[in-house]
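> Next one to model:
(one chain, ligands or ions: 1)
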Amino acid sequence: MDYNEDKIDEYTLALLYLVTHERQEGMGARAWKGFDWETLNRLHEKGYISNPVLKAKSVGMTEEGFLKSKELFERHFVKEIKTLLFPKLTPPAKKRWEQIPEKIRKDILENVWCSKCRTMVALQLREGQMSGSSVLLKGTCKICGGAVARVLEPGS
Ligand SMILES: [Zn+2]
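Reported below is the predicted structural model:
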């Protein structure tokens, strides 16, 4: 069978996040190791986990491995809706943004220039912050997924 090892490694590392325990901030974590043996060996060679040959039922994850695992898990398995509902806005940006009537906010988010699509697109709002006295909204294009941003001048 000819399969894509890098992809297997990526998904296995992502799934390891589900079985992590003993997480120590900055020090990695441990994860149960009921996964394909050769894949675990490759993840070890890539520096994400400790040597899986040891007898323990779990394997040590390096800090890099844990963070990568978390990122991949979120990328592949977390339902999009969570990020849709909770864009991260700084408190002053949130305050300004929420002063704008909802209908206008909707119009603003649905008419953002995407330089990749070369047209006006809907912005998937991810974060917002103040830039001087303007509100800077950042997110991704709902068509191509590329980064897009919109600046709201004061009084607009
Ligand atoms: Zn686009």
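
> any idea which helix or strand of this structure has the worst average confidence?
helix 81-85 (a mean of 53; mean pLDDT, DSSP states H and E).

> next structured bit after that helix?
Later in the chain than helix 81-85, the nearest helix or strand by DSSP states H and E is strand 88-89.

> any idea which residue of the chain is furthest from its center?
The outermost residue of the chain relative to its centre, with distances by CA atoms, centre = their mean, is Lys55 at 33.4 Å.

> Alongside the ion, which residues does this protein contribute?
For the chain, the residues in contact with the ion (CB under 5 Å from the ion) are 114, 116-117, 141, 143-144, 146. In short, each C-beta sits where N, CA and C put it, glycine included.

> 8 Å instead?
114-117, 119, 121, 141-146, 148 (CB under 8 Å from the ion).

> Give me the distance between the two termini of stretch 28-38.
22 Å (CA to CA, to the nearest Å).

> Show residues contacting that stretch.
Here stretch 28-38 makes contact (CB atoms under 8 Å, 6 or more residues apart in numbering) with 8, 12, 15-17, 19-23, 40, 49, 52, 57-63, 65-66, 69.

> mean confidence for the longest helix seen in the chain?
Counting by DSSP state H, the longest helix found in the chain is helix 63-77. For helix 63-77, the mean per-residue pLDDT is 90.

> How far does it sit from its chain's centre?
Per CA atoms, centre = their mean, to the nearest Å, the displacement of helix 63-77 from the mean C-alpha position of its chain is 9 Å.

> Going forward, count from 15.
In the new count, where the first residue is 15, that last one comes out as helix 77-91.

> How about the contacts made by Thr154?
137-138, 140, 160-162.

> hmm, back to that, most neighbours, which of the residues of the chain next to the ion?
Neighbour counts for the residues of the chain next to the ion (other CB atoms under 10 Å) peak at Val162, which has 25 neighbours.

> which residues touch it?
Counting by CB under 8 Å, 6+ apart, Val162 makes contact with 126-129, 135, 137, 152-155.

> Show me where the protein has its helices.
19-30, 51-59, 77-91, 95-99, 105-113, 116-124.

> can I get those in TSV with mean neighbour count and distance to Ser148?
Output for the helices of the chain, formatted as TSV (neighbours: other CB atoms under 10 Å; distance: least, CB to CB, whole Å):
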stretch	mean neighbour count	distance to Ser148
helix 19-30	17	38
helix 51-59	17	45
helix 77-91	17	30
helix 95-99	10	24
helix 105-113	14	9
helix 116-124	12	13
